[in-house]
Structure formats: C-alpha cells, structure tokens
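1. A structural model of the following input is requested.
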Amino acid sequence: MPTLTKIYSMEEVAAHNKQDDCWIVIDGKVYDVTPYMDEHPGGDDVLLAVTGKDATDEFEDAGHSKTARELMEEYFIGELDEASLPEIPELKIYKKEDPKDSVQKLVDLTKQYWLVPVSVITISVAVSVLFSRNK
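-> Residues are numbered from 1 along each chain as shown. This is a model prediction of the structure:
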C-alpha cells in the first residue's frame, strides 16, 4: 500500500522559523529538524539561518555525508507543494553586438539627426571667425 505524504506550502514552512519550531526544505522535501537542533555537528545556528526556507543550496554546499543524508529521513514530515513556490522570471538572453553594428547605428543616427552636427560646426566656425576679426 502506498504511503501518503503530507503536502506543505512554502508559506506553511515559513511559519516554522524558530528555535523551538524549526522546519527546512531540502530538495522539495520538508523536514522538522527541531529535535535535531542540539545534535547538529555544525551547531544550531546553522539550522536557524535556513529555518522556514529552502536550504537545498546550503545543504549541498556543506558536503554532507551519506550517513547525514540517511539521518535526514528521521525528520522527514512531507513534501513541498511546488505550486506554492514563487514563479521565477525567465531570463532574457541578449546577443552581443558586433562592433560593426554599433558603428552602423551611429552612422544611421547621424543621418537621422544631421541638424545637430551641422549646427555645432556652423556655430564653431562663426565663433572662430568672430574672434579672429577682433584681434
């Protein structure tokens, strides 16, 4: 007969974020590690830092042994409802522009806004002529 697993939302897990009520999520599984707080080799503050959160990355980064992974099963209380997780926005991938494209864009903009460079040149010439006559 299959075992029924309790499903928890991330909100439910987040509510258990104290020393005397400490739940964590690792790989989509929910663990009540409250009774293990004093026994944890890294100290209880390691668990408190991730209580009520998804601690998968921290757990994997610590390089836990096979024995530690087996010990976790004692504290397993259910699974995380994947639908309760916040949606992660899709990353936009931008193509690196070819420098020739940038030069072409600059030329196109200059053609489009030709009045600005022509005005700058005209004013520069007029100022230089005026100052050369005054000397």
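
2. going forward, measure contacts and count neighbours with C-alpha atoms only.
-> Fine.

3. could you say which helix or strand contains the residue nearest the centre of the chain?
-> Geometric centre of the chain, nearest residue: residue 88, 8.7 Å, by C-alpha atoms, centre = their mean. When elements are assigned from DSSP states H and E, residue 88 belongs to no helix and no strand.

4. same deal with residue 127?
-> Here residue 127 is assigned to helix 115-133, by DSSP H and E.

5. Okay, angle between the helix or strand of the chain at the bottom of the mean pLDDT ranking and helix 115-133 too, please.
-> Lowest mean confidence among the helices and strands of the chain (mean pLDDT, DSSP states H and E): helix 99-112, at a mean of 78. Orientation check (axes from the mean of the first three to the mean of the last three C-alpha atoms, to 10 degrees): helix 99-112 against helix 115-133 gives 70 degrees.

6. For residue 43, report the pLDDT, please.
-> Looking at residue 43, its pLDDT is 84.

7. Spatially nearest residue to it (excluding sequence neighbours)?
-> residue 37 (7.2 Å; C-alpha to C-alpha, 6 or more residues apart in numbering).

8. isn't there a helix covering residue 22?
-> No: under the criterion used here (DSSP: H, G, I helix; E, B strand; the rest coil), residue 22 is strand, not part of a helix.

9. ok, what's across the strand from it?
-> residue 17 (DSSP bridges).

10. Quick check: residue 79 touching residue 12?
-> No: with contact defined as C-alpha atoms under 8 Å, residue 79 does not reach residue 12; the gap is 11.5 Å.

11. Which one's more surrounded, these two?
-> Relative neighbour count places residue 79 above the other of residue 79 and residue 12, with 18 against 13, counting by other C-alpha atoms under 10 Å.
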